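coords below, sequence missing:
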């Protein structure tokens, strides 16, 4: 901007009659300096305000629909508060590590992380009060907004399945009995964050193998299994007896290995080849090997044991391969926090808010100590959305964490039933 400088020069372009040259020279320098300062001030950059939180994509209303008070579910009383409070604490740890202003989507509505923290803290206080069922429902109606997950059909039914933490016999070294390796994360497996490449790729990444000039998709299950030298890039952390034990461990995402001396070691998910997940259960149904109504984890195991020559072809139908690491504790969900039996669920985090308070309704098998089903009953209870899964995609899928051991395996293996899923959050004005 040159106008002020030109104006300053014009003001004293000619020395007035009678003014001494020295005084004239000083006044002219002052005028020029003032003009330059004025120009600099007018051109100085204006301080930018702090960027507003970027709103997450607005989800279709069919994914999560906010309910009127008259449509709220009638929740059961909280009989065992300790596991629920523990699960709430895990979500609070997760949220308190996030930026307070980050926005969380509930269908067409959004809430800040700070509000999510306040919501869980408020609900934790409610749980600690030990209210009756009627009083609890009244508090929820007064203070909380409720959203129902849309399962994609007229009834908004959600398909519930179960997962658990398997306890498998194995060893830390290969033996004649334990010959199936549990591979660690391969040294040549890389994850590339795609966010810097394009705005619409924010939050997305790819997994591959760097060859020196380019990145290729990581090998499939079949390709990994056929390599005799794969241990060189992915040293095994343990060894199992059965190929289906490893496959099931990869589907569940974590587990425990019981050693011959009785000790148990925790092994946790440490990445995958990011190949698409394909259900071997659907394959067995499509090929007529197991009837749809009889498909369970246990029936798949029995079929593979009776048909050992088919094992490789059936397992390789799923190209996804999961790698593991040793851990002091577990299992951990997608938030990096411990899961709680019957109080943690896996959801599609692209559609539902990870860490949020939920209420689930689904049939659940009652299992005896020796792993036999003694009956079924309707399970109703609060849980937290704390995990994800390769097969848990879309608004109509939920995986309920059942715990560990034989009873959890039986209950999880037989859970494939329709139910309802609700999300609770403190009303904005509370």
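Structure's in. What do you need? All values derive from a computational prediction rather than experimental measurement.

what ranges does the stretch 51-200 of the chain have for its helices?
Along the stretch 51-200 of the chain, the stretches classed as helices by DSSP state H, counting those that start in this stretch are 81-96, 113-128, 133-143.

now do the shortest one, average pLDDT.
Read that as helix 133-143. Mean per-residue pLDDT for helix 133-143: 96.

can I see the domain layout of the chain?
3-43, 64-163+333-426, 174-255+266-327 (automatic domain parsing).

and the strand ranked longest in the chain, how far from the chain's centre?
In the chain, with assignment by DSSP state E, the single longest strand is strand 373-387. Per CA atoms, centre = their mean, to the nearest Å, the displacement of strand 373-387 from the mean C-alpha position of its chain is 20 Å.

what would the helices of the stretch 51-200 of the chain look like in CSV with distance to residue 106 and mean neighbour count?
In short, each C-beta sits where N, CA and C put it, glycine included. Shown next, in CSV, are the helices of the stretch 51-200 of the chain (distance: least, CB to CB, whole Å; neighbours: other CB atoms under 10 Å):
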stretch, distance to residue 106, mean neighbour count
helix 81-96, 14, 18
helix 113-128, 10, 18
helix 133-143, 16, 14
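
turn the ones you listed into TSV, including distance to residue 369.
As requested, the helices of the stretch 51-200 of the chain are exported to TSV (distance: least, CB to CB, whole Å):
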stretch	distance to residue 369
helix 81-96	20
helix 113-128	29
helix 133-143	30
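
so which of those is nearest residue 420?
Across the helices of the stretch 51-200 of the chain, residue 420 has its closest neighbour in helix 133-143 (15.4 Å, CB to CB).

show me what that closest one is packed up against.
Contacts defined by 3 or more CB pairs under 8 Å, 6 or more residues apart in numbering; DSSP states H and E place helix 133-143 against helix 113-128.

okay, the angle between the helix it packs on and helix 81-96?
Helix 113-128 runs at 170 degrees relative to helix 81-96, counting by axes from the mean of the first three to the mean of the last three CA atoms, to 10 degrees.

what number of residues lie near residue 263?
Number of residues near residue 263 (other CB atoms under 10 Å) recorded here: 10.

cool, residue 310 as well?
If you count neighbours by other CB under 10 Å, residue 310 ends up with 14.

pLDDT score for it?
Residue 310 is assigned a predicted lDDT (pLDDT) of 95.

can you check residue 405 too?
Listed pLDDT for residue 405 reads 85.

contact partners for the closest residue in space to it that isn't next to it in sequence?
Nearest residue to residue 405 in three dimensions, chain neighbours excluded: residue 167, at 6.2 Å (CB to CB, 6 or more residues apart in numbering). Shown in contact with residue 167 (CB atoms under 8 Å, 6 or more residues apart in numbering): 255, 256, 257, 258, 264, 404, 405.

show me the two of the residues you listed that sit farthest apart.
257 and 405 (14.0 Å).

more neighbours, those two?
residue 257 (26 against 17).

helix/strand/coil for the more buried one?
Secondary structure, DSSP: H, G, I helix; E, B strand; the rest coil: residue 257 is strand.

nearest residue to it other than its sequence neighbours?
Excluding its sequence neighbours, the residue lying closest to residue 257 (CB to CB, 6+ apart) is residue 170, at 4.3 Å.

could you give the bridge partners of the closest residue in space to residue 236 that isn't next to it in sequence?
Leaving aside its sequence neighbours, residue 236 sits nearest to residue 181 (CB to CB, 6+ apart; 3.8 Å). With DSSP bridges applied, residue 181 shows beta-bridge pairing to residue 239.

going forward can the numbers begin at 10, since that is how I track them
From this message on, residue numbering opens at 10, which makes the last subject residue 190.

residues touching residue 190, list them.
Residue 190 makes contact with 183, 240, 245, 247, 248, according to CB under 8 Å, 6+ apart.

what about the closest residue to the fourth one other than its chain neighbours, how many residues nearby?
So the one you mean is residue 247. Distances taken as CB to CB, 6+ apart put residue 191 closest to residue 247, at 4.4 Å, once the chain neighbours are dropped. When neighbours are counted by other CB under 10 Å, residue 191 registers 26.

check residue 237 too.
6.

can you confirm it is in a helix?
No: using three-state DSSP, the secondary structure at residue 237 is coil, not a helix.

got the confidence number for it?
For residue 237, pLDDT reads 91.

can you check residue 53 too?
With respect to pLDDT, residue 53 has a value of 43.

kindly report the same for residue 128.
Looking at residue 128, its pLDDT is 97.

same deal with residue 219?
So, for residue 219, pLDDT stands at 85.

one more: residue 41?
Predicted confidence (pLDDT) for residue 41: 38.

and if you look at the one 3 residues further on?
The predicted structure scores residue 44 at 42 on the pLDDT scale.

ok, the spatially closest residue to residue 83 that is not a sequence neighbour - contacts?
Take residue 83 and drop its neighbours on the chain: the residue closest to it by CB to CB, 6+ apart is residue 146, 6.2 Å away. Applying CB under 8 Å, 6+ apart to residue 146 gives the contacts 81, 83, 84.

drop anything exposed from those.
81, 84 (16 or more other CB atoms under 10 Å).

narrow the contacts of residue 146 to those in strands?
Those of the contacts of residue 146 lying in strands (DSSP E): none at all.

could I get the contacts of residue 146 as CSV with pLDDT and distance to residue 438?
Below are the contacts of residue 146 laid out as CSV (pLDDT from 0 to 100; distance: CB to CB, whole Å):
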residue, pLDDT, distance to residue 438
81, 96, 17
83, 95, 24
84, 95, 22
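
closest one to residue 389 out of the contacts of residue 146, please.
Closest approach between the contacts of residue 146 and residue 389, by CB to CB: residue 84, at 7.0 Å.
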